[in-house]
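# let me see the structure of the following:
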Amino acid sequence: MQPHRAEYALRLGIAANAPRLGTAFQDINFDCAAWNLHREVTTELALTPSLKFSLTSRLNGEESRSGNSFRYRTVQVQNGVERKTRGEVDRLDGETRVGIVTPEGPERQVLPLQTLMPIAAIGQAVDRLDAGATSFALLMFAGEATSAAFQLDVKQLGADALPAVPPALKPVPAPPGRSWPVQIAVTGLGQLSQKPLLSVRARIFSSGVLERMVVEAGPVTMTAYLQSLQMHPVQCLNR
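Modelled structure (predicted):
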């Protein structure tokens, strides 16, 4: 895992002329003691000339270098209505404890010990792919949406499984290192017997950078194409 800032153009569907949906960015920094994660997704969809749906989702978090704690704040603005949450996740005494404060009040959860924080989950996925694994499962905590744990079922795909970048978008040089096209089925921790909530196809690089993402959630398919990439300094990572 390497610190970086990646910016994406979002489109509705996988066609080369699919309509624009919005933008997203993920900025990951490391200050020698903790990982700092900033993520924002902004979308606007015109259902009719007079009816539009807009959503902005922001997450700011700090994950300890050990991966044993995560502090985060989220803001979601849907059609002008704002909702804020904040939470703390700690791995202690053989379990993962979650404390969340929402507009409805405080909540507490206990998750399985093997639940990974967001940065640690990306790092472990890269490690397994680099070791030659073609399929595996992870448990990961996600602060957005329901602030819960999800099972990620990861499997490698063929090189042609991802869409080409639309001609209208600018090409971005790929980061150095190995990469793997993968599919990730995302299922709620308490709903493992049901269909996945969503499916994600993407190319993941050894640095943790993602590109050419295809997110399928029910009848809706969204694509995210890398439009800008800045790798941050990594002086502290090996200390």
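# from here on, contacts and neighbour counts on C-alpha atoms
Noted.
# gap between V165 and L198?
From V165 across to L198, the span is 22 Å (CA to CA, to the nearest Å).
# who has more neighbours, these two?
Between V165 and L198, counted using other CA atoms under 10 Å, V165 has the larger neighbour count: 19 against 16.
# now do the SS call for the closest residue to V89 other than its chain neighbours.
Nearest non-adjacent residue to V89, counting by CA to CA, 6 or more residues apart in numbering: V98, 4.5 Å away. Of the three states, V98 takes strand according to DSSP: H, G, I helix; E, B strand; the rest coil.
# low-scoring pLDDT stretches of this protein, where are they?
The model of the chain has pLDDT under 70 over residues 145, 147, 192-193, 235-239.
# neighbours around A137, how many?
A137 has 14 neighbouring residues, counting by other CA under 10 Å.
# can you map out the helices along this structure?
Using DSSP state H, the helices of the chain run over 118-130.
# quick one: the strands in it?
4-12, 20-30, 34-48, 51-64, 69-78, 81-92, 95-102, 105-111, 135-142, 148-156, 179-188, 198-205, 210-217, 220-231 (DSSP state E).
# figure out which of those is closest to V126.
Closest of the strands of the chain to V126 is strand 198-205, at 7.6 Å (criterion: CA to CA).
# give me the contacts around the closest one.
Identification of contacts with strand 198-205 by CA atoms under 8 Å, 6 or more residues apart in numbering yields 126, 162, 175, 177-187, 210-218.
# within the sheet, what are the partner strands of it, with directions?
With DSSP bridges as the test, strand 198-205 is paired with strand 179-188 (antiparallel), strand 210-217 (antiparallel).
# show me how far that strand is from its chain's centre.
Distance of strand 198-205 from the chain centroid (CA atoms, centre = their mean, to the nearest Å) equals 10 Å.
# so which bits of it are buried?
Within strand 198-205, the residues that count as buried by 16 or more other CA atoms under 10 Å are 198-205.
# reformat those residues as JSON lines; add distance to A224.
Shown next, in JSON lines, are the buried residues of strand 198-205 (distance: CA to CA, whole Å):
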{"residue": "L198", "distance to A224": "15"}
{"residue": "S199", "distance to A224": "14"}
{"residue": "V200", "distance to A224": "11"}
{"residue": "R201", "distance to A224": "10"}
{"residue": "A202", "distance to A224": "9"}
{"residue": "R203", "distance to A224": "11"}
{"residue": "I204", "distance to A224": "13"}
{"residue": "F205", "distance to A224": "15"}
